[in-house]
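Visitor: fold the following.
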Amino acid sequence: MSITVTDLPIIFGPPMVRAELDDRKRMTRRLAKRLVKTYPNGRKTPPVVLVERDSPWSKVKPGDRLWVREEWRVSKKWDSTKPADLPPRTMSVLFTAGGSIANTAAGWAPDLSYPPVGVIVPWAGRRRASMHMPRWASRLTLIVTAVKIEPLQDISDEDIVAEGAKEAFSQETAAIPGPAAYMAWQEKAFYAWRDLWVSINGQDSWNDNPEVVAISFDVIKANIDAIARAA
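Guide: Sure, this is the predicted structure:
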């Protein structure tokens, strides 16, 4: 019996994209449930009742492909053009996290060094939100390797590392001898990861300790459709 592979977009902020590019991040957590509006009278008019249902992330499985949406820009000449109306793969796409993707001798391929992080080239247009990035403009594809559902606060030390936290604190604790170094890192990394979650999802989301889908993945530094064409 063949297994159907599903392609899904997934949003990451610049720091998390940077961690994926630097091979530090290979796991992410997303809410397993979401509140959905329902209309008891059968029409889209009040009253409205919020019902908790499984989120799309709860259906992700190993082998699925996630194409990354991130903050981006194209040339100023396209500033008045909606993302859906941009002609695919005909222009360079620049990323807030650094780097770009464009047509090259190898095809539609990313350049991880141009422009550097924090540099906005003179011809770059307005910043565009990650949620509006079209599939063809994505430069990162995540191949799902494992999925588990657990309470948010049950994250393990190993998963904190996989979430990309370890590198940020290894130098700070390098001078501390013995087990104290690990304990110092563990505390710093855990609270840094918790604060990141709260900044994205809100304090209540942490306090409620909701079930989350922990998704492990391999990072492919290429557009999802470029991978398919190469295969």
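Visitor: what's around residue 20, how many residues?
Guide: Taking other Cβ atoms under 10 Å as the neighbour definition, residue 20 ends up with a count of 21. All C-beta atoms are positioned from the backbone trio N, CA, C, and that covers glycine.
Visitor: brain fart, residue 161
Guide: 18.
Visitor: ditto for residue 219
Guide: 18.
Visitor: quick one: it is in a strand?
Guide: Yes. Counting by DSSP: H, G, I helix; E, B strand; the rest coil, residue 219 is part of a strand.
Visitor: wait, it sits on residue 26?
Guide: Yes. Between residue 219 and residue 26 a contact is recorded at 6.7 Å, counting by Cβ atoms under 8 Å.
Visitor: joint contacts of these two?
Guide: Counting by Cβ atoms under 8 Å, 6 or more residues apart in numbering, residue 219 and residue 26 have no common neighbour.
Visitor: which residues touch the closest residue to residue 54 other than its chain neighbours?
Guide: With sequence-adjacent residues excluded and distances taken as Cβ to Cβ, 6 or more residues apart in numbering, residue 54 is closest to residue 33, at 6.4 Å. Under the criterion of Cβ under 8 Å, 6+ apart, the contact partners of residue 33 comprise 52, 53, 54, 55, 58, 210, 211.
Visitor: among the residues you listed, which lie within strands?
Guide: If you go by DSSP state E, the contacts of residue 33 have 52, 53, 54, 211 in strands.
Visitor: contacting residues for the last one?
Guide: Which is residue 211. By Cβ under 8 Å, 6+ apart, residue 211 lies in contact with 31, 32, 33, 149, 150, 151, 152.
Visitor: and the furthest pair within the ones in strands among the contacts of residue 33?
Guide: Maximum pairwise distance among those (Cβ to Cβ): 12.6 Å, between 53 and 211.
Visitor: can I assume residue 226 is in contact with residue 106?
Guide: No. The pair residue 226 and residue 106 does not pass the contact test of Cβ under 8 Å, sitting 9.1 Å apart.
Visitor: and the two? which has more neighbours close in?
Guide: For residue 226 and residue 106, the more surrounded residue by other Cβ under 10 Å is residue 226, and the numbers stand at 21 against 9.
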